[in-house]
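Q: Next one to model:
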Amino acid sequence: FKRDFNTYQKAQELMSFSVANIREMLMQFIGNYDEIMLKCLVEVFDNVTKYHKLNQVHTEGWVTNKGYRLNKKIIYPHGVRFDGRWSQPEFDVQDPSFLADLDKILCWIEGSQFENLANPTAATLERHCKAVKCDGVDYSTEIESTYFKMKMFKKGTLHATFKDQKLLNEFNLRAAKGKNWIGGDGY
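A: Numbering: from 1, shown residues only. Model prediction:
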């Protein structure tokens, strides 16, 4: 969306800065909301499925991840960053924007607002990392966000298991539709 917005902005920068022009631009984006969200969904989908065992993107892939759909359990290699140089190991969230995008897509699918999400994935993971550092909580303890049960590992991977199978199925159907695959119409 940001890329599209910046492209549109460059193309329109010679137009006058008026209420009518701003309103027109906003209406175009609002009118394309579902298309924008579907593009976002496909990008998130591609970001997870590229870490399949037979991939060419990452040195290490996982059988758990599939190249054509999201499994109930996904492994994301850039979930956390581990620093073991200190007496108490330190973790921090490595890619919070990806986790926020994943939550936003799931909110869109179920028709809820991201701003009202009780336990966003990135925030839940950040709280856990802080608890590991400050309170001595075991890093391998399973934690739960609104949509996932998660475990983090020292090599930086995040294992996230979807809590709602119907939501996962709908995610995969919409990804197939967004990629124009057979089955994208729900069959």
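
Q: Run through the residues that contact the spatially closest residue to residue 106 that is not a sequence neighbour.
A: Of all residues beyond its chain neighbours, the one nearest residue 106 is residue 147 (5.1 Å), with distances taken as Cβ to Cβ, 6 or more residues apart in numbering. (Glycine included, C-beta is placed from N, CA and C.) By Cβ atoms under 8 Å, 6 or more residues apart in numbering, the residues touching residue 147 are 102, 103, 106, 121, 162, 163, 164, 167.

Q: okay, the third one: pLDDT?
A: Spelled out, that is residue 106. For residue 106, the pLDDT comes out at 97.

Q: which SSE is it in?
A: Taking DSSP states H and E as the definition, one finds residue 106 inside helix 96-110.

Q: Longest helix of the chain, counting residues only.
A: helix 33-49 (DSSP state H).

Q: helices or strands next to that one in the packing?
A: helix 96-110, helix 165-178 (3 or more Cβ pairs under 8 Å, 6 or more residues apart in numbering; DSSP states H and E).

Q: Compute the distance from the centre of the first one to the centre of its chain.
A: The reference is to helix 96-110. Taking Cα atoms, centre = their mean, to the nearest Å, one finds helix 96-110 lying 5 Å from the centre of the chain it belongs to.

Q: give me phi/psi at residue 155?
A: For residue 155, the backbone dihedrals (degrees, to the nearest 10) come out as phi -80, psi 0.

Q: how deep is it tucked in, by neighbour count?
A: Neighbourhood size, residue 155 [other Cβ atoms under 10 Å]: 10.

Q: so it makes contact with residue 80?
A: No - between residue 155 and residue 80 there is no contact under Cβ atoms under 8 Å: 9.3 Å.

Q: Next, the contact list for residue 140, please.
A: Residues in contact with residue 140, defined by Cβ under 8 Å, 6+ apart, are 151, 152, 153.

Q: Which residues does the first one form beta bridges with?
A: Going by DSSP bridges, residue 151 is paired in beta bridges with residue 159.
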